[in-house]
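>>> let's see this in three dimensions:
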Amino acid sequence: MQIDVFTLVPHAFGWLTGQRPVASALGESLELRLLNYRDTTPLRNGQVDDDPYGGGAGMVLRVDVVAAALDTVYGGPPDHRVVALTPQGRQLTQEVVEELAAEESLTLLSARFEGFDERVVRHLASDAISVGPYVLSNGDLPAMVLVDAIARRLPGAIRDESGAWESFSAELEGGLEYPQYTRPPEFRGWRVPEILLSGDHGKIEEWRREQSRRRTVL
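Numbers count the residues shown, from 1 in each chain. You can find the predicted model right below:
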């Protein structure tokens with residue numbers, strides 16, 4: 001899968017690309033390209049944004065800047081999905097992650113401060129996604145969230161069993177993951193549930209499913 005991220009701060013993704021699961025998928029099942037709007041802007045001195053019409057604080061990423069970036073990289077409108085990361089987009093869920101992970105190519109558009117000129121979302125993007133009902137100062141963090149979530153669904157990123165029994169998985173009927181424990185079996189009087197120490201894998205699986213159902217209902 002190829003993911004292209006258009007951003008003003010490509011270096012911000014350095015940490016992400018050095019960590020699993022993204023690092024494990026890179027060069028294998030994932031090709032990640034980080035593209036800077038400033039490299040292709042048609043404006044002087046690397047300008048990419050401007051004051052909003054009608055007044056107001058903050059700067060808006062210009063539609064001509066985003067269009068120039070897409071035209072330079074793809075030679076025109078790309079024939080794959082282009083996602084604008086914006087609070088007005090559809091909510092990111094695991095179902096959406098699975099949908100996007102099935103794509104062969106994906107482009108993510110990130111903005112900063114006051115976001116995009118509305119014409120970017122309406123005419124240059126084919127999809128819009130929000131990572132939650134809150135405001136961030138940039139779209140790079142949502143882009144990283146999306147890249148990470150997608151990467152871990154690609155072959156070789158994580159062990160198959162790690163992705164099978166986790167929150168929102170089919171094995172747990174879309175519910176939340178059960179509680180996890182490790183050594184020591186007792187700490188400050190806080191004990192690990194005896195069932196997990198029993199060695200009875202059938203009962204352990206039953207306990208985990210029940211705990212998942214309880215967490216999901218709550």
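>>> so residue 33 sits in a strand?
Yes - judged by DSSP: H, G, I helix; E, B strand; the rest coil, residue 33 forms part of a strand.
>>> give me the sheet partners of the longest strand along the chain and which way each runs.
What stands out as the longest strand in the chain, according to DSSP state E, is strand 81-91. In the sheet, strand 81-91 lines up against strand 105-109 (parallel), strand 127-130 (parallel) (DSSP bridges).
>>> quick one: these as a markdown table, columns for mean pLDDT and mean neighbour count too.
C-beta: built from backbone N, CA, C; applies to glycine. Shown next, in a markdown table, are the strands paired with strand 81-91 (pLDDT from 0 to 100; neighbours: other C-beta atoms under 10 Å):
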| stretch | mean pLDDT | mean neighbour count |
| --- | --- | --- |
| strand 105-109 | 98 | 23 |
| strand 127-130 | 98 | 20 |
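>>> distance to residue 171 for those strands - can I get that in TSV?
Shown next, in TSV, are the strands paired with strand 81-91 (distance: least, C-beta to C-beta, whole Å):
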stretch	distance to residue 171
strand 105-109	26
strand 127-130	25
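>>> picking up where we left off before, please state the offset of the longest strand of the chain from the chain centre?
Relative to the chain's own centre, strand 81-91 is displaced by 11 Å; criterion: C-alpha atoms, centre = their mean, to the nearest Å.
>>> and the next element down the chain from that strand?
Counting by DSSP states H and E, the next helix or strand C-terminal to strand 81-91 is helix 94-101.
>>> so what touches that next one?
When contacts are defined by C-beta atoms under 8 Å, 6 or more residues apart in numbering, helix 94-101 is touched by residues 1, 81, 83, 90, 106, 129, 146, 149-150, 153-154, 167-168, 174.
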